[in-house]
Structures are given as structure tokens and as C-alpha cells.
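S.K.: predicted coordinates and the sequence they were generated for:
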Amino acid sequence: GAGVSQSPSNKVTEKGKDVELRCDPISGHTALYWYRQSLGQGLEFLIYFQGNSAPDKSGLPSDRFSAERTGGSVSTLTIQRTQQEDSAVYLCASSPGHVEAFFGQGTRLTVV
Amino acid sequence: AQSVTQLDSQVPVFEEAPVELRCNYSSSVSVYLFWYVQYPNQGLQLLLKYLSGSTLVKGINGFEAEFNKSQTSFHLRKPSVHISDTAEYFCAVTNYRGAGNMLTFGGGTRLMVKP
């Protein structure tokens, strides 16, 4: 596609349920990033992929968070046993390997 | 480690007035600097970036920013704002490592343009 696509755009889930957030990067972009935007913490880096491997997972807040990328393309961020503090906008960005990153519209996650 | 401070959480301004959004950073290594804009319910859009060269950088929508290494600042300016500039603006830094250029963001500045 023309830009980074994220789905769903909105997700409401019950506390304790698992959720999966999807990111389709710009075709050909080798690098992919997940960020989280929340009222209390601002914009935080979560994880970075180069191809299908994740050299840097340092931003994942707990072991309930995991992510994978397949075929050097689509990435899925999974949150297990969601908590209310997981409520945030999850942003995905991709980059052709240069410095500039292109962001998707985000997935707004609400845990009730 | 690096950090970014945006000194103003909100900046109200009248239409056609000039505006400056302030950004200071700290880092032990050389950094690359960015300003992003976020309109309501949208992702981040790159306004401009400083990688090297001229310290005055021009971006989209009439915005510009000046990199000041001695003051570790990268303030964003526009000589005349429009209602449509109302949005949240984020300053960000990264230290380029060839790959894995994760961004460190400031807390954001909400620009509110009034008629």
C-alpha cells in the first residue's frame, strides 16, 4: 500500500483478554518499529524489527507483550492478559533503512 | 541515553501570528533531530528533520527549525500560523547507528490556533 496500515483502528477489550494488533508496513521497508502513546507516559518505543528479527526488545513493558514479524513484512503485537494500564494508542512505523520513519494511524486500545 | 524536553505543553496563539515551539535535548553522542505533527485521531507526520549541514531546516506547511548544538536546542517556528495548524507537535531524536534508529520523543506541545 501507499502507507503504513494498522488494524484494527480501535479495539475495546475486557481486562484479562488477549489482543493482537496488526501492522502492514510500506512495501520494501526493512525496518519496523512499534511505539505506544499514552496519557501518562507520552510516546514510548516498544520494539524494533530488522527483517524478521528483533534486535531490540528493550521497550516492551512486561512479558505479557510480544511481537513477531513474518516474511519481512506484516508484524503482529500481542498483549496477553490485558490490564487497564495497557490502554493506549499503539503506533507502528516502518523505514527503508534510512533515518526517516513513516507512521501508521495507530490502534487505539481500550481495556475495560 | 538521550532525552527530549518540550518546554511548553500548550501554546495558544492567534491566527496569522508567529509561533515558536521549544525543544531541548540531551545526549552523549551526536543526534539526528525531528519534528512530527499529529492531527486528532491520526498518526505522526514528519514536518522536518536535521541530519547534517545547514542548521536551519525548512519543512512542510511553512515550518522551519534551527539546530543549535551549543544550546542543545531544536526550536520549531512558523512566521504566520493558520487554524489548520492546530495539532500536537512532537520533537524527537535518534542517534543513527546504521539500523535501529528508534526515536526518543518529547512530551508534545499542543498548538491551539484561535481565530
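M.R.: The structure has been received and is ready for your questions.
S.K.: partner strands of the host helix or strand of residue B:37, with direction?
M.R.: Using DSSP states H and E, residue B:37 sits in strand B:32-38. In the sheet, strand B:32-38 lines up against strand B:44-50 (antiparallel), strand B:87-94 (antiparallel) (DSSP bridges).
S.K.: look up which residues are beta-bridged to the spatially most central residue of chain B.
M.R.: With distances taken as C-alpha atoms, centre = their mean, residue B:35 lies nearest the centre of chain B, 3.2 Å away. Counting by DSSP bridges, residue B:35 is bridged to residue B:48, residue B:91.
S.K.: ok, now which ones touch it?
M.R.: By C-beta atoms under 8 Å, 6 or more residues apart in numbering or on different chains, residue B:35 lies in contact with B:21, B:23, B:46-49, B:59, B:63, B:65, B:74, B:76, B:89-92. C-beta coordinates here come from the backbone N, C-alpha and C atoms, glycine included.
S.K.: re earlier: give the buried residues for the strand holding residue B:37.
M.R.: Neighbour counts over strand B:32-38 (16 or more other C-beta atoms under 10 Å in any protein chain shown) mark B:32-38 as buried.
S.K.: distance of the residue nearest to the centre of chain B relative to chain A?
M.R.: 12 Å (C-beta to the nearest C-beta, to the nearest Å).
S.K.: how far away is that residue from residue A:52?
M.R.: Going from residue B:35 to residue A:52 by C-beta to C-beta, to the nearest Å gives 31 Å.
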